[in-house]
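Colleague: please find the sequence and the predicted model below.
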Protein chains: 2
Amino acid sequence: LRALSSLFNSNITITDTSSAKSALEEILLEFKYPNNIVLSHPVAGSHLSGQENSLKGLFKNKEVILSYSQSVLSKHIEKVRNLWKSMNARISNLESNVHDYVFAHSSHLPHVVSYALLMTLKNLDQTDISKFSGGGLGEFLRLASSSSEMWADIFTLNKENIISAIDALEENLDILKFKINKDNQEIEALLLDLKNFKEENY
Amino acid sequence: LRALSSLFNSNITITDTSSAKSALEEILLEFKYPNNIVLSHPVAGSHLSGQENSLKGLFKNKEVILSYSQSVLSKHIEKVRNLWKSMNARISNLESNVHDYVFAHSSHLPHVVSYALLMTLKNLDQTDISKFSGGGLGEFLRLASSSSEMWADIFTLNKENIISAIDALEENLDILKFKINKDNQEIEALLLDLKNFKEENY
């Protein structure tokens, strides 16, 4: 981003597609937030990357989140909005810090868990577990096929939010362990409560 | 299972479809392992349950694992094998303790994680996270729509294996936290190693 600084505050409109925003905003603040930068995050795609995996209509009806400072000129905002609208995306606005907190939980944490599950399977003596896995495991592990370079960057750029999300997950794993060990009725009540929450919200 | 004891060692063949076997085997040992019981576990289905969700061809090319003691009569084994073969399933044998260790990792642990992720999302102030979640999260949370009663039973019946699988997962989450916090190169190397392991084995 710093390498683009000669284009800051010019007539050119600058945007990005990164999944972590606050670290970018910190760099922009070094430059007193240039008035021609509108950050954008399209929530679309799969574990595949590269031009060879491009997909027609990928962004149709998908959410794109815009983040920008109040000093950004509206003509640049309109240009980026129109770019995504032309691909039939739906547009939302989130401040960078809210964006990073939300995606730490909705996207980055599931990726961390996918890698942690793979580490766990890799450490087992039993080698033929893949033969005995249903659809659920395959879906979990798919995320770990994503670009390692991209995800190392996302984890690094959003480390504070991701680490506290992992902490929260570990606390909940401890609660589940405790209840599993304790009492069948109690664990069933918890699972039913979570199933209901899931069906109402996700 | 105890309620069926009047049928033990009879001409009737008894089987089941449970996802946890050792606890059943303990009961069977109380009865000196009846010679007409062949445990079976078809690895098929989804989060949906009940007769209204039955699916034609559900077991075709799906794995079914049989577990039985050496004292079981071969005619009963053949009957259960033929039952699953008639539905075009593929048949494997695993001892109960190996079965439960394998499925604690390949199936039960992903379900625990799905519930733990939901608990984490439920505790957040931010309520509109579902709007900003990609396909990955949806796949993770699908498992938590399964029958709470059935999964409470599985967790209880296989608690030792599941709790040690959760312990291992938490250790790996700690390693990921440490490396995310430390160094971008180091976390990238780990993610690449896991991606390669995934593509070779799953």
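Modeller: Noted; the coordinates are in hand. Quantities reported herein were computed from a predicted structural model and do not represent experimental measurements. Numbers count the residues shown, from 1 in each chain, chains lettered A, B, ... in the order given.
Colleague: between helix B:135-142 and the worst-scoring helix or strand of chain A on mean pLDDT, find me the angle.
Modeller: Among the helical and strand segments of chain A, the one scoring lowest on mean pLDDT, DSSP states H and E is helix A:135-142, with a mean of 85. Here helix A:135-142 runs at 150 degrees with respect to helix B:135-142, directions being taken by axes from the mean of the first three to the mean of the last three C-alpha atoms, to 10 degrees.
Colleague: so what does the helix or strand following helix A:135-142 touch, helix or strand wise?
Modeller: Using DSSP states H and E, the helix or strand that directly follows helix A:135-142 along the chain is helix A:148-157. Judged by 3 or more C-beta pairs under 8 Å, 6 or more residues apart in numbering or on different chains; DSSP states H and E, helix A:148-157 is in contact with helix A:22-30, helix A:109-122, helix B:184-201. Backbone N, C-alpha and C define where each C-beta goes, glycine included.
Colleague: how much space between the nearest residue to A:Ile27 once chain neighbours are set aside and chain B?
Modeller: For A:Ile27, ignoring the flanking residues on the chain, the nearest one in space by C-beta to C-beta, 6 or more residues apart in numbering or on different chains is A:Leu1 at 5.0 Å. Using C-beta to the nearest C-beta, to the nearest Å, one gets 16 Å for the distance from A:Leu1 to chain B.
Colleague: how many other residues sit next to A:Leu1?
Modeller: Close neighbours of A:Leu1, defined as other C-beta atoms under 10 Å in any protein chain shown, add up to 17.
Colleague: and if you look at the one 10 residues further on?
Modeller: The burial metric for A:Asn11, expressed as a neighbour count using other C-beta under 10 Å, is 9.
Colleague: list the contacts for it?
Modeller: Counting by C-beta atoms under 8 Å, 6 or more residues apart in numbering or on different chains, A:Asn11 touches A:Asn36.
Colleague: just say helix, strand or coil for it.
Modeller: Three states are possible here, and by DSSP: H, G, I helix; E, B strand; the rest coil the one that applies to A:Asn11 is coil.
Colleague: correct me if wrong: A:Phe8 contacts A:Tyr33.
Modeller: No - counting by C-beta atoms under 8 Å, A:Tyr33 is not a contact partner of A:Phe8; they are 9.2 Å apart.
Colleague: what are the buried residues along stretch A:171-186?
Modeller: Residues of stretch A:171-186 classed as buried by neighbour count (16 or more other C-beta atoms under 10 Å in any protein chain shown): A:Asn172, A:Leu173, A:Leu176, A:Lys177, A:Lys179, A:Ile180, A:Asn184.
Colleague: what's the closest of those residues to A:Leu121?
Modeller: In terms of C-beta to C-beta, no member of the buried residues of stretch A:171-186 lies closer to A:Leu121 than A:Leu173, at 16.7 Å.
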